[in-house]
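1. Would you be able to build a 3D model of this:
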Amino acid sequence: MNSSKLRFLVDVGVGKGIEKYLRGEGYNTKAVRDIDLRMEDEEIIRIAVTENRMVITMDKDFGELVYHSSMEHSGVLLLRLEDATGSEKLQVVKHIMKNYSDRIKNCFCVFQNDKFRIKKINR
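-> Residues are numbered from 1 along each chain as shown. Here you go, the predicted model:
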């Protein structure tokens, strides 16, 4: 595991279970909930860039910021799991970390309908 390479900023709504799992696996992880529950998406990305962290979110607006506004980022993992339970979300993140952790850094990644897409975005 290359936990020293990946650093995360977990958005509100993703879940404490995922935060706890990532920390337990040795990933340097911060939670937006511990900084400011009402933080704007743009500020989340700015903090993530400053601290070289990948944002884990369930908020589709991050796609708009990265693709259409061309906002600089250090990677986004978008979980399209709107009706998933905490344990279902956790299983997805565990699967992604086990199988793709070496390929997601600085990429825009989406998990939706049991499919995982990784897209390198030129900055």
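2. center of this protein, which residue is that?
-> In the chain, the residue lying closest to the centroid (Cα atoms, centre = their mean) is residue 56, at 1.7 Å.
3. Which is the succeeding secondary structure element to the strand or helix carrying that residue?
-> Here residue 56, judged by DSSP states H and E, is contained in strand 54-57. The C-terminal neighbour of strand 54-57 among helices and strands, as given by DSSP H and E, is helix 61-63.
4. By mean pLDDT, point me to the weakest helix or strand of this protein.
-> Least confident helix or strand, the chain: helix 61-63 with a mean of 87, by mean pLDDT, DSSP states H and E.
5. just checking, what packs against that one?
-> Counting contacts by 3 or more Cβ pairs under 8 Å, 6 or more residues apart in numbering; DSSP states H and E, helix 61-63 is packed against helix 41-50, strand 76-80. Placement of C-beta: from N, CA and C, glycine included.
6. Check the ones you listed for me and report the most buried one.
-> Across the helices and strands packed on helix 61-63, averaging neighbours per residue (mean count of other Cβ atoms under 10 Å) puts strand 76-80 on top, at a mean of 23.
7. and it, how far out from the chain's middle?
-> Taking Cα atoms, centre = their mean, to the nearest Å, the mean C-alpha location of strand 76-80 is offset from the chain mean by 6 Å.
8. orientation of the longest helix along the chain relative to strand 76-80 in degrees?
-> When the chain is parsed with DSSP state H, its longest helix is helix 86-100. Compare the direction of helix 86-100 with that of strand 76-80 by axes from the mean of the first three to the mean of the last three Cα atoms, to 10 degrees and you get 140 degrees.
9. need the contact list for the closest residue to residue 15 other than its chain neighbours.
-> Spatial nearest neighbour of residue 15, chain neighbours left out: residue 86 (4.8 Å); criterion: Cβ to Cβ, 6 or more residues apart in numbering. Each residue near residue 86 by Cβ atoms under 8 Å, 6 or more residues apart in numbering is listed here: 15-17.
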